Structure formats: structure tokens, C-alpha cells
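A.B. asks: Got a predicted structure plus its sequence, pasted below:
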Amino acid sequence: MSEKLYLPYSDGCFVCGHNNIHGLQVQFYVQDSSVKVDLNFAPHFNSFPHITHGGVLSSILDEAMGWSAFIFSDIETFLFTRELNVTYKRNAPIGEPLLLTAEYVRAERGGMFCTKGKITDKDDKIITVSKGLFFPTSKEKMMETIPHLSFLDGLAYHPKALKYCKL
């Protein structure tokens, strides 16, 4: 396994915002050819007792898959979700380690980017699988977003994130 290269977070984001007290506060990283995040959900993210809400899972998959298209394609702007399909195979337990892995698949006709993702448990059993289509934001939206991104001291960041996500 290669080293972890981290991705920035957006302060108010529900998924990655470290300063969003109501959010998930996850930290995305790139390892090998995937965007990943280590997960372990607190009880306030449940739907049924001891089961993580499916909307929480799909939110994190959505963001990770968008990052994978940005990092691994030749695009120079962020992407918005066009389609997100999530298939739930098993319940995601509260309070247990999980791993999300998102991969860039290919560029599609019409400027779309295809990705896939999955969440697995500590025994590598699949909890969810997903696929998505993403389209690029405008350069103006990219420039509007960059000032809201933060980088933590002491972490090694992916070179593309440093090149395009920092002022």
C-alpha cells in the first residue's frame, strides 16, 4: 500500500467540514488509485438503533466519488453530481470501523465522468456499492469554492489538490 495523501476540506460542508458541528467531519485521502475515508459512526447518525442512516452513507459516497473524478481524471475543476446510484447490501453498524473506497472509472461522452464506490466492514464485507456520473463546475464556481477549503498542518496532501485547491 502506498502512503496516504490527504485532500482538503470545506469548512461548512456536511460531509467533510471539520468546523461543522452537525456534520460528519470525515477526512478524505488518496491511496493507491482510490479516494478513501475511514469511518466509524456515532449513534446520532443512526436510522434504526445501531444502524447508520443510508442517507449518511450516500452523502459520503457522493463526495468521495466526486473527489476521485477530480483527482484521477485530467479535469482541472471540481465536479457536481449528475447521477448517484447506491445499492445497500448490508446494514452499516454504528460504532464499528468501516472503509469507503471510491474510484474513477472513465470519461464519458458529453463531458461526464463515471465513478464507482463501496463501503466495506472490518472483515471486508460489502455494505454498499455505488456508481455515479459527474460533470465539471465552471471555472468561476471553482474560484468561488477555493477560499473555503482548508488544509491541516502536518499532513501530506495530494499534488493535484495542492495545485488546484490552494490560493
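C.D. replies: Great, that's in hand.
A.B. asks: Off-centre distance for the longest helix seen in the chain?
C.D. replies: Assignment by DSSP state H gives helix 54-72 as the longest helix of the chain. The chain centroid and the centroid of helix 54-72 are separated by 3 Å under Cα atoms, centre = their mean, to the nearest Å.
A.B. asks: what's that helix packed up against?
C.D. replies: strand 34-39, strand 79-88, strand 98-107, strand 113-121, strand 126-136, helix 159-165 (3 or more Cβ pairs under 8 Å, 6 or more residues apart in numbering; DSSP states H and E). All C-beta atoms are positioned from the backbone trio N, CA, C, and that covers glycine.
A.B. asks: In that helix, which residues are buried?
C.D. replies: Using 16 or more other Cβ atoms under 10 Å as the test for burial, helix 54-72 gives 56-72.
A.B. asks: now stretch 146-160
C.D. replies: Buried residues in stretch 146-160, counting neighbours by 16+ other Cβ under 10 Å, are found at 149, 157-158, 160.
A.B. asks: got it, and stretch 137-147?
C.D. replies: In stretch 137-147, counting by 16+ other Cβ under 10 Å, buried: 137, 142.
A.B. asks: could you dump that stretch to PDB, C-alpha only?
C.D. replies: Extracted in PDB, the C-alpha atoms of stretch 137-147 (Å, rounded to 0.1, in the frame of the first residue of the first chain):
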ATOM      1  CA  THR A 137     -18.200  23.000 -12.500                       C
ATOM      2  CA  SER A 138     -17.400  26.300 -14.100                       C
ATOM      3  CA  LYS A 139     -14.000  27.900 -13.500                       C
ATOM      4  CA  GLU A 140     -15.900  30.700 -11.700                       C
ATOM      5  CA  LYS A 141     -17.500  28.200  -9.300                       C
ATOM      6  CA  MET A 142     -14.100  26.600  -8.700                       C
ATOM      7  CA  MET A 143     -12.600  30.000  -7.900                       C
ATOM      8  CA  GLU A 144     -15.500  30.800  -5.600                       C
ATOM      9  CA  THR A 145     -15.000  27.500  -3.700                       C
ATOM     10  CA  ILE A 146     -11.200  27.600  -3.200                       C
ATOM     11  CA  PRO A 147     -11.200  30.200  -0.400                       C
END
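A.B. asks: Check the gap between the spatially most distant residue from the centre of the chain and residue 24 for me.
C.D. replies: What lies farthest from the middle of the chain is residue 49; by Cα atoms, centre = their mean that is 25.1 Å. Going from residue 49 to residue 24 by Cβ to Cβ, to the nearest Å gives 19 Å.
A.B. asks: go on, residue 124?
C.D. replies: From residue 124 to residue 24 the distance is 22 Å (Cβ to Cβ).
A.B. asks: Looking at those two, which one has more neighbours?
C.D. replies: Counted by other Cβ atoms under 10 Å, residue 124 and residue 24 do not tie: residue 24 has more neighbours, with 19 against 7.
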